[in-house]
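A.B. asks: model this:
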Amino acid sequence: MAEHQGNEDSRNDWTAGLERAKKQFRAWASAHPGEGPWDELAYWDPLPTAREVLRSRYGPQTRTVGDGRWEDRSRLNVPGPFYAGVTDDGLNGPYYLPEHVLLSDLNHECVFRQPANPREVAALIEIAGGEPAGGYAWDGDQRWTPESVRAWWADRGFVRTWIAAELADRASDNEPDALQAYAAYLDGGLEDYLRGYLFWLLEHREPRLGERLPAVG
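C.D. replies: Numbers count the residues shown, from 1 in each chain. The predicted model follows:
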């Protein structure tokens with residue numbers, strides 16, 4: 001009986017520690033602005049802010065967010081600069097940042113929504129920096145092409161199929177709310193984001209307000 005109580009106390013302490021860490025993570029990310037001129041842009045380049053946050057957080061000599069390989073990423077990573085290749089099984093991303101990160105079909109983390117402001121950038125940098133396998137990367141702009149972005153969007157049905165299977169799987173490590181957020185993003189918001197990202201890939205600059213954007217499909 002005493003041993004059972006000890007195990008229960010240990011689990012409670014572990015859970016409480018995770019919650020404290022999550023609050024600290026949120027507080028640190030919230031110190032960065034979440035609203036600003038980037039809100040009016042069809043696409044905002046997050047990489048200059050990401051480099052600044054990375055160096056201020058991990059030291060001026062830090063030059064990359066991780067060593068993730070393009071070839072190892074899941075198709076569930078949405079087009080954009082950030083993605084995850086091979087990550088460990090600690091589920092830090094899905095736990096601390098479920099509005100951006102899920103556990104993919106390859107049992108590695110994936111970025112299902114790219115950061116759109118400095119606060120979101122800071123949060124994703126923290127997740128990537130704390131990844132033991134170093135599986136994140138931010139060189140997606142050199143990997144994605146307009147053709148491959150359009151092909152991803154045309155084949156997006158595989159994302160819906162995967163989400164439905166995850167929601168039906170009681171043993172899934174993904175939170176239902178996070179999975180439903182990805183599904184909602186597919187239905188509203190992601191196409192507009194991809195149009196802005198296509199402009200970025202084609203013109204190598206952020207689109208001006210009201211500027212015509214390319215179609216994604």
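A.B. asks: and the spatially most central residue of the chain, what does it touch?
C.D. replies: The residue at the geometric middle of the chain, judged as the C-alpha nearest the mean C-alpha position with C-alpha atoms, centre = their mean, is Val111 (3.1 Å). Val111 makes contacts with Asn77, Val78, Gly80, Phe82, Tyr83, Ala84, His100, Val101, Leu124, as judged by C-beta atoms under 8 Å, 6 or more residues apart in numbering. All C-beta atoms are positioned from the backbone trio N, CA, C, and that covers glycine.
A.B. asks: and if we set it to 6 Å?
C.D. replies: Asn77, Phe82, Tyr83 (C-beta atoms under 6 Å, 6 or more residues apart in numbering).
A.B. asks: do me a favour and get the end-to-end distance for stretch 127-145?
C.D. replies: Its first and final residues considered, stretch 127-145 spans 26 Å by C-alpha to C-alpha, to the nearest Å.
A.B. asks: Asp173 versus the residue nearest to the centre of the chain, what's the distance?
C.D. replies: Computed with C-beta to C-beta, to the nearest Å, the distance linking Val111 and Asp173 is 16 Å.
A.B. asks: Gly140 now?
C.D. replies: When distances are taken as C-beta to C-beta, Gly140 and Asp173 turn out to be 24 Å apart.
A.B. asks: beyond the helix or strand of the chain with the lowest mean pLDDT, next helix or strand please.
C.D. replies: Across the helices and strands of the chain, mean confidence by mean pLDDT, DSSP states H and E is lowest for helix 2-30: a mean of 75. For helix 2-30, the succeeding helix or strand toward the C-terminus, using DSSP states H and E, is helix 47-58.
A.B. asks: which parts of this protein are helices?
C.D. replies: Listed in chain order, the helices found in the chain under DSSP state H are 2-30, 47-58, 92-96, 118-129, 146-154, 157-168, 176-187, 190-203.
A.B. asks: between the ones you listed, which one is closest to Leu106.
C.D. replies: The closest of these to Leu106 is helix 157-168. By C-beta to C-beta, the value is 10.9 Å.
A.B. asks: just the C-alphas of that closest one, formatted as CSV.
C.D. replies: In CSV, the C-alpha atoms belonging to helix 157-168 read as follows (Å, rounded to 0.1, in the frame of the first residue of the first chain):
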residue,chain,number,x,y,z
GLY,A,157,-6.5,14.7,-48.7
PHE,A,158,-3.8,12.5,-47.1
VAL,A,159,-3.7,14.9,-44.2
ARG,A,160,-7.5,14.7,-43.6
THR,A,161,-7.3,10.9,-43.8
TRP,A,162,-4.4,10.8,-41.2
ILE,A,163,-6.2,13.2,-38.9
ALA,A,164,-9.4,11.1,-39.0
ALA,A,165,-7.4,8.0,-38.1
GLU,A,166,-5.6,9.8,-35.3
LEU,A,167,-8.9,11.0,-33.8
ALA,A,168,-10.3,7.5,-33.9
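A.B. asks: do me a favour and get the end-to-end distance for stretch 181-192?
C.D. replies: 16 Å.
A.B. asks: which of the residues in that stretch are buried?
C.D. replies: Taking 16 or more other C-beta atoms under 10 Å as the basis for neighbour counts, the residues of stretch 181-192 that come out buried are Ala181, Tyr182, Tyr185, Leu186, Leu190.
A.B. asks: which residues does the residue lying closest to Val121 once chain neighbours are set aside contact?
C.D. replies: By the measure of C-beta to C-beta, 6 or more residues apart in numbering, the closest residue to Val121 outside its immediate chain neighbours is Pro115, 4.4 Å from it. Contacts of Pro115 were listed using C-beta under 6 Å, 6+ apart, and they are Pro46, Val121, Leu124.
A.B. asks: before I go, just wanted to say thanks for your time.
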